[in-house]
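[1] Give me a 3D structure for the following:
(one chain, ligands or ions: 2)
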Amino acid sequence: MRPRLNPTHMTYHHKILLETKASQACRQNEHKHLMEDDKYVKEFDVAVRAVHMACSLCQRVQVGLVTDCTDLVKSKDDDSPVTVADWSVQATISWILSEFFGVQNVSIVAEEDVQTLSKSESAGLLAAVVKTVNDCLAEAPKFGIPNPENDLGNSQILEAISRCNSKGGSSGRHWVLDPVDGTLGFVRGDQYAVALALIEDGKAVLGVLGCPNYPMKKEWLNYHHQCYQTLSKSSPSPLGIWKEGCVMYARKGSGKAWMQPLMHGNEKLEWPNSAQLIQVSSIDDPSLATFCEPVEKANTNHSFTTGVAHNMGLRKRPLRVYSMVKYAAIARGDAEIFMKFSTSGYKEKIWDHAAGVVIVEEAGGVVTDAGGRPLDFSRGVYLEGLDRGIIACSGATLHEKIIGAVYASWDSSNL
Ligand SMILES: Nc1ncnc2c1ncn2[C@@H]1O[C@H](COP(=O)(O)OS(=O)(=O)O)[C@@H](OP(=O)(O)O)[C@H]1O
Ligand SMILES: [Mg+2]
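    Ligands and ions are numbered 1, 2, ... in the order given. Down below sits the predicted model:
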């Protein structure tokens, strides 16, 4: 019988397994420094491993969705989609955090609740979630996380999901989770993200962003989508061997942000596991810069951002990408600007931004609202007090220009 995971029995080797190759020594030292020199060593380690696991879970569910199982998608009250992956990721990450840090010590602010899942007509859906979570946890040792002694039952899984009902706030530690950000992208076989952040006393201090369809190299991006669509139509689907996706992470104040490839097949997650430092782009000439924004016009005002882009001298076509992958694109230098201007009345949620903000800032970028103020994660579930929209930039020069362009365009807009 496997020993049950007990947080006090976790030894350091569970958490940091060092590579031995000489060629990796330099990067390894830097990475070790990041992991050992701060008070969030354990939090960081568990969060990165949990997000890797969640990405692997999502990849499996997405393959099933694209190859036609629409039963795995439901509509929420606001008509936005929710899938087996959303609940399963939330249950898995909630379970892992509770096991490592103790249920009573863990406060999680996350997107999903159990309302739909608890209805009697949702028995099939709940069964799919339970199976997905247990399949994922069975693979936990591959990710350096001990698995449960027995499969989790319905009630344990519903409890793990519903535990994530914290409202956050300005004091204490709160994990902030978007289990599947960009659900539309997810169900369309496109980009999505798993986003986990830690907020302490109102400040986002750790950010981990899993981007299962975002390749390690920008050049593979277009290739990915075409190839995915083609492969997903073949039967049996060869997508199980799909080799891409990455996890980015950073700790506030470290001045460093990292990217690791996702694990595939029987690969094991070991530190630093090909982690590489990422940095924002050095382009500060607007005519050479690329801006990214939400795909759906319901989520941002495309005509306003087109005007702002024109006014500040941007000439390239916008890169429209689902989910917090937009933050990943800025952090890694694939684009220079991200703008989101929601319709008035929509209140941005902290889980849609916290992880991305830490990573972009530590990679050298700037993230503010349209008034130039930092985003405030201290006031509960929403980004209260947000001035008009969100702007993430690769550097101060572009940021200043964009704030000026928003100011110049605002009065003539309908926003
Ligand atoms: N009306 C409206 N306006 C602005 N934003 C909204 C709105 N409705 C929802 N949301 C939230 O936006 C998240 C998706 O934002 P994206 O930037 O990823 O948009 S897009 O999918 O590329 O169109 C999306 O995240 P997910 O629900 O995780 O997909 C929502 O939290
Ligand atoms: Mg979201």
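[2] Any idea what the closest residue to ligand 2 within the stretch 151-300 of the chain is bridged to?
    Relative to ligand 2, the nearest point of the stretch 151-300 of the chain is Asp181 (3.6 Å; Cβ to the ion). (Each C-beta comes from the backbone N, C-alpha and C, glycine too.) Following DSSP bridges, Asp181 is listed with bridge partners Ala193.
[3] For Val129, give its distance to Asn150.
    Distance of Val129 to Asn150, computed by Cβ to Cβ, to the nearest Å: 17 Å.
[4] Those two: who's more crowded?
    Higher neighbour count among Val129 and Asn150: Val129, with 29 against 11, using other Cβ atoms under 10 Å.
[5] so how far is ligand 1 from the more buried one?
    Computed as Cβ to the nearest ligand atom, to the nearest Å, the Val129 to ligand 1 distance reads 17 Å.
[6] Tell me the buried residues in the helix or strand that contains that residue?
    Using DSSP states H and E, the element containing Val129 is helix 123-138. For helix 123-138, burial by neighbour count (16 or more other Cβ atoms under 10 Å) applies to 125-126, 128-130, 132-134, 136-137.
[7] Where does confidence bottom out across those residues?
    Ranked by pLDDT, the buried residues of helix 123-138 bottom out at Leu125, which has 90.
[8] Let me know the secondary structure of the closest residue to that one other than its chain neighbours.
    Closest residue in space to Leu125, ignoring its immediate chain neighbours: Leu117 at 6.2 Å, by Cβ to Cβ, 6 or more residues apart in numbering. Classification of Leu117 using DSSP: H, G, I helix; E, B strand; the rest coil returns helix.
[9] Which residues of the stretch 51-200 of the chain lie near ligand 1?
    80, 178, 181-185 (Cβ under 6 Å from any ligand atom).
[10] what two of those are the furthest from one another?
    The largest separation in those, counting by Cβ to Cβ, is between Asp178 and Leu184 at 13.3 Å.
[11] between those two, who's got more neighbours?
    Asp178 (31 against 18).
[12] so which helix or strand takes in the more buried one?
    strand 173-181.
[13] before we move on, back to that, just the buried ones out of the residues of the stretch 51-200 of the chain next to ligand 1, please.
    With burial judged by 16+ other Cβ under 10 Å, the buried subset of these is 178, 181-185.
[14] can those residues go into JSON lines with extra columns for pLDDT?
    Shown next, in JSON lines, are those (pLDDT from 0 to 100):
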{"residue": "Asp178", "pLDDT": "98"}
{"residue": "Asp181", "pLDDT": "97"}
{"residue": "Gly182", "pLDDT": "96"}
{"residue": "Thr183", "pLDDT": "91"}
{"residue": "Leu184", "pLDDT": "91"}
{"residue": "Gly185", "pLDDT": "93"}
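[15] Moving C-terminal from the helix holding Val129, which element do we reach first?
    Next along from helix 123-138, by DSSP H and E: helix 154-162.
[16] Residue numbers of the stretch 101-250 of the chain in contact with ligand 2?
    Within the stretch 101-250 of the chain, the positions near ligand 2 by Cβ under 5 Å from the ion are 178, 181.
[17] Where does pLDDT dip in the stretch 101-250 of the chain?
    221-243 (pLDDT under 70).
[18] Quick check: Ser56 vs ligand 1, distance?
    Distance of Ser56 to ligand 1, given as Cβ to the nearest ligand atom: 19 Å.
[19] pLDDT (mean, whole number) over the one helix or strand that residue maps to?
    Ser56 belongs to helix 41-66 when assigned by DSSP H and E. Taken as a whole, helix 41-66 carries a mean pLDDT of 91.
[20] Brilliant, that's me finished.
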